[in-house]
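Colleague: quick one, what's the 3D model for this:
(chains A, B, C and D)
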Number of protein chains: 4
Amino acid sequence: MSKARIETLSDGIFAIAVTLLVVTISLPGVGEYTNLAHQLLKRWPSFAAYVITFAVIGVMWLNHHSIFAHFEDVVDRTFFYLNMLLMMTIAFLPYPTGVFGEALGNGEGTRTAAVFYSATMTVNAVAWSALWLYASVGRRLLVPAFPESERRLSTTLFVSGPGAYAVSVLVAVVNAYACLAFHALLAVYYAFDPLSRRAAHGAQPPEG
Amino acid sequence: MSKARIETLSDGIFAIAVTLLVVTISLPGVGEYTNLAHQLLKRWPSFAAYVITFAVIGVMWLNHHSIFAHFEDVVDRTFFYLNMLLMMTIAFLPYPTGVFGEALGNGEGTRTAAVFYSATMTVNAVAWSALWLYASVGRRLLVPAFPESERRLSTTLFVSGPGAYAVSVLVAVVNAYACLAFHALLAVYYAFDPLSRRAAHGAQPPEG
Amino acid sequence: MSKARIETLSDGIFAIAVTLLVVTISLPGVGEYTNLAHQLLKRWPSFAAYVITFAVIGVMWLNHHSIFAHFEDVVDRTFFYLNMLLMMTIAFLPYPTGVFGEALGNGEGTRTAAVFYSATMTVNAVAWSALWLYASVGRRLLVPAFPESERRLSTTLFVSGPGAYAVSVLVAVVNAYACLAFHALLAVYYAFDPLSRRAAHGAQPPEG
Amino acid sequence: MSKARIETLSDGIFAIAVTLLVVTISLPGVGEYTNLAHQLLKRWPSFAAYVITFAVIGVMWLNHHSIFAHFEDVVDRTFFYLNMLLMMTIAFLPYPTGVFGEALGNGEGTRTAAVFYSATMTVNAVAWSALWLYASVGRRLLVPAFPESERRLSTTLFVSGPGAYAVSVLVAVVNAYACLAFHALLAVYYAFDPLSRRAAHGAQPPEG
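Modeller: Sure, this is the predicted structure:
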């Protein structure tokens, strides 16, 4: 099975999931246009959740791009199914994002919504780990040029992902706004952390 | 007409259909955030229907990918229309999936929703058969390298598909939850069954 | 400006427009699951409108594919804008399709909905004409291999399109169901008519 | 990081954002089909906002295409994040477009909706400036063939963009309809203005 066509399908799902996020922000109801400014300001958590989840999916796309560069051109069915499992969790993100923003905007069900959002992210992190471990254990689908030291580093990163997101579930139980901020921080961390940048250097040109 | 461009269009429709599934899960209403945990738990059939239909479409994508590898690079208009018929049934899936999940979640109309979902899947299986038969009878669009024995095997698989899904309609009449489980089993069967794997070997490398 | 990238953008819009159609079929309301079979049967015009518009967009995609094969690889800005105008009318189709199906299902506003749907199709046909005329008059963007006789034939087809769809507006005024059937007939005509098939032969292999 | 794959992702987001616009036009409610003609006419601002935003995104796509032609084939992470920021503002456009059309159609909250729409466009223009400045200052990611004079011209254009859109916010405060017209004019200006056409000539064939 060709890796390239799986990448194309995945890119399509990334692009659609990220663009569908906006649909989950509730439009003001018929009677709510008389105080529209208030209605829009009230939705700031939905806008914040939109920005954060958009960034998270963007970082995931980058991550997907990076690790696929290290895989063989021909992959097997199990790899395809693990990638579809990952895509299933990413395509699902608009739902908990919409619920999270709406709950915070209305000030009701905030803790449940934060736990739901964080739990979805945790499942997503598990899917990432599964995909990476399947492809990298015994170097099953890794290209020979990918250094062994980078493999260990990447494995540590992917395996610790579910742990980091499990912590976000705990933060969600304490405070929903802190949980939202925690997810923003995780996105920034995964966007810039030096470990994953080093890991990415295996098959990519140096970056500024 | 170029097969490659039809594949690209089909891949786009697959990616969008699978990502649109999440839109059919009803968001909690304005007054339902006070007992959000209950509202989300109540929707478990919608989440289950999401997972199952996502998996079904994923397996279909794989199937599409496999059989297109055996077709000539240039195809005709009738083939294009049969493929569009197939895409029409796939792009429709978010609707019966949404209805099925909602009916089970509310405990009303469950039998009708299960029959509706199963009937859509049956029509989809008929479209698969039609596409395969058109392309393979008399080896109209098959590449010479595709072995005759595999052709017969694949034909048996595709022709039996509507039968299997017709059974799902019967299961739906008996019990909607059993029907949901039956569809999950069918997805697992089509994902792993040895016959289709053997059939796929005609144009693909051996898999682990 | 590269024709290939405009084709890719257009293909994306085609794929999304066709897949979004399903979103315009109204899901049964909360209290309507008790008589779900009735609710689904009542929506048969929405399902019919879905099938017809899906087929129409499929035929348009084919048409787009065919004529683009006759254009030069490098096109200009005006061509891009005319193509975007065409895409604007195609991406809009889910809206009148949804209104048409809903009106027929409820038995209210049927004539208005049929006129609205037909008028949108007429505007779409005008956009097709404009694109073709811009590219073909004086052979501005046509490849030299495209025969002059085919150019005249295609021009006749494209220029008569708005006329055919204007007739559909008249049919809509008389009877909304007849209008729906008329659009189905137009789709079948454009899918199979010998003139457009002959016109397509300029740059394509013979078809069965 | 490969520029080509970022372009593909961006093209997907452009295509989806532009096609999702139609979803933000509210469908007539259940009881509103008895006077459907009135309901549709009442929505003319939503249709106008659809057309204008569609055109704006089309021009942006063209702009994106033009400037990417001048960048090196390999780009860095910061460039990717700035491009995702830009995509985030584009993917968000269906929301303010829907609010703007609905507000004008109902005659309530028009000023707020116009300011909201214009502010979103201003943020979008800032994202364009940031992307261009990052890539062009010190010619960081520009190909050597791109002339220095064109670089200065393009910089002037991109830096003045937020100013032009800030003016649209002021127009929005005065009159919402004037604001809608102003955005239409800006789209026409950016589609045809001679400066950006000259800037585009750096890496493109002359146009008619």
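Colleague: in contact with residue A:96, which residues?
Modeller: A:113, A:116-117, A:120 (Cβ atoms under 8 Å, 6 or more residues apart in numbering or on different chains). In this view, the C-beta of every residue, glycine as well, is placed from N, C-alpha and C.
Colleague: ok, those residues vs chain D, which is closest?
Modeller: Nearest to chain D among the contacts of residue A:96, counting by Cβ to the nearest Cβ, is residue A:117 at 18.5 Å.
Colleague: quick check: the closest one touching residue A:186?
Modeller: No - the criterion here is Cβ atoms under 8 Å, and residue A:117 misses it with residue A:186 at 12.0 Å.
Colleague: neighbour count for these two, which is higher?
Modeller: It is residue A:117, of residue A:117 and residue A:186, that has more neighbours when counted by other Cβ atoms under 10 Å in any protein chain shown, with 29 against 21.
Colleague: quick check: the more buried one vs residue C:122, distance?
Modeller: Computed as Cβ to Cβ, to the nearest Å, the residue A:117 to residue C:122 distance reads 46 Å.
Colleague: cool, and residue A:189?
Modeller: For residue A:189 relative to residue C:122 (Cβ to Cβ), the value is 54 Å.
Colleague: who's more crowded, the two?
Modeller: Higher neighbour count among residue A:189 and residue C:122: residue C:122, with 20 against 13, using other Cβ under 10 Å.
Colleague: can you confirm the more buried one is in a strand?
Modeller: No - counting by DSSP: H, G, I helix; E, B strand; the rest coil, residue C:122 is not found in a strand; it is helix.
Colleague: check the burial of the closest residue to it other than its chain neighbours by counting its neighbours.
Modeller: Closest residue to residue C:122 apart from its sequence neighbours, by Cβ to Cβ, 6 or more residues apart in numbering or on different chains: residue C:165 at 4.0 Å. Residues within reach of residue C:165, counting by other Cβ under 10 Å, total 22.
Colleague: so which elements touch the helix or strand where residue C:165 lies?
Modeller: Using DSSP states H and E, residue C:165 sits within helix C:148-174. When contacts are defined as 3 or more Cβ pairs under 8 Å, 6 or more residues apart in numbering or on different chains; DSSP states H and E, helix C:148-174 sits against helix C:110-136, helix C:176-192, helix C:194-200.
Colleague: which of those comes out lowest on mean pLDDT?
Modeller: Lowest mean pLDDT of the helices and strands packed on helix C:148-174: helix C:194-200, a mean of 56.
Colleague: low-confidence regions, chain A specifically.
Modeller: A:193-208 (pLDDT under 70).
Colleague: residues from it in reach of chain D?
Modeller: Within chain A, the positions adjacent to chain D are A:11-12, A:14-16, A:18-23, A:25, A:27-28, A:30, A:33-37, A:40, A:50-51, A:54-55, A:58, A:61-62, A:65, A:191, A:197, A:204-205, A:207-208 by Cβ under 8 Å from any Cβ of the partner chain.
Colleague: counting neighbours, which of these end up buried?
Modeller: By neighbour count, with 16 or more other Cβ atoms under 10 Å in any protein chain shown, these hold A:11-12, A:14-16, A:18-23, A:25, A:28, A:33, A:36, A:40, A:50-51, A:54-55, A:58, A:61-62, A:65, A:191, A:204 as buried.
Colleague: give the contact list for the residue nearest to residue A:178 when sequence neighbours are not counted.
Modeller: Once flanking residues are discounted, residue A:178 sits nearest to residue A:171: 5.4 Å by Cβ to Cβ, 6+ apart. Neighbour list for residue A:171: A:114, A:118, A:178-179, A:182 [criterion: Cβ under 8 Å, 6+ apart].
Colleague: do that again at 10 Å, thanks
Modeller: A:114-115, A:118, A:177-183 (Cβ atoms under 10 Å, 6 or more residues apart in numbering or on different chains).
Colleague: now the residues you listed: which count as buried?
Modeller: Applying 16+ other Cβ under 10 Å to these flags A:114-115, A:118, A:179-180, A:182-183 as buried.
Colleague: contacting residues for the closest residue to chain C within chain A?
Modeller: Chain C sits closest to residue A:16 of chain A, with a gap of 8.0 Å, by Cβ to the nearest Cβ. Contacts for residue A:16 (Cβ under 10 Å, 6+ apart) come out as A:90-91, A:94, B:12, B:15-20, C:16, C:19, D:12-13, D:15-16, D:20.
Colleague: make sure it is indeed in a helix.
Modeller: Yes - residue assignment for residue A:16, taken from three-state DSSP, places it within a helix.
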